[in-house]
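Novice: Requesting a structural model of the entry that follows:
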Amino acid sequence: SVWSADSFGLALDPNNPGPLSGHTRAHLATLGVPLPEPLRFPRDLSVADLTAAERVVAVKEAEHRPLLARRFPDWAERVEYWHVHDIDCATPAEALPVLEQHVVDLVDRLHTGATEPGPR
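Specialist: As a prediction, the model looks like this:
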């Protein structure tokens, strides 16, 4: 099976420094994960994006659940929430391995057909 992933914003910052954190680029490079060139700047999430997705993941529940509930109330309970801190609460060296493990777990679930995350 082939899967693809995309990223969207719930509260875009007009002062965003670019399309992808340098820390994330470096971490993906160490894993051998290719990135498309050129990278696009963040896009605002829409109902069409949510509807088109087979699975929607929000990386930091404490931040993203309230935003989803406000902007897309019909979707707030249909999203898989993770608990990965952003740079305001964790260093990239702390957060990126946690995010990587969530992605590995998700890929494993996609391979097995599991719909819910297992115990942590």
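Novice: can you give me the helices in the chain?
Specialist: In the chain, helices defined by DSSP state H lie at 22-31, 47-52, 61-71, 92-112, listed in chain order.
Novice: Adding distance to L12, mean pLDDT and mean neighbour count, write those out as CSV.
Specialist: Backbone N, C-alpha and C define where each C-beta goes, glycine included. Rendered in CSV, the data for the helices of the chain read as follows (distance: least, CB to CB, whole Å; pLDDT from 0 to 100; neighbours: other CB atoms under 10 Å):
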stretch, distance to L12, mean pLDDT, mean neighbour count
helix 22-31, 17, 91, 12
helix 47-52, 13, 96, 11
helix 61-71, 11, 96, 15
helix 92-112, 20, 92, 14
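Novice: right, and these - which one's nearest F41?
Specialist: Distances from F41 to each of the helices of the chain were compared by CB to CB, and the smallest falls on helix 22-31, at 14.4 Å.
Novice: Could you check how far that closest one is from the centre of its chain?
Specialist: Relative to its chain's centre, helix 22-31 lies at 15 Å (CA atoms, centre = their mean, to the nearest Å).
Novice: Against which helices or strands is that helix packed?
Specialist: Counting contacts by 3 or more CB pairs under 8 Å, 6 or more residues apart in numbering; DSSP states H and E, the secondary-structure elements packed against helix 22-31 are helix 92-112.
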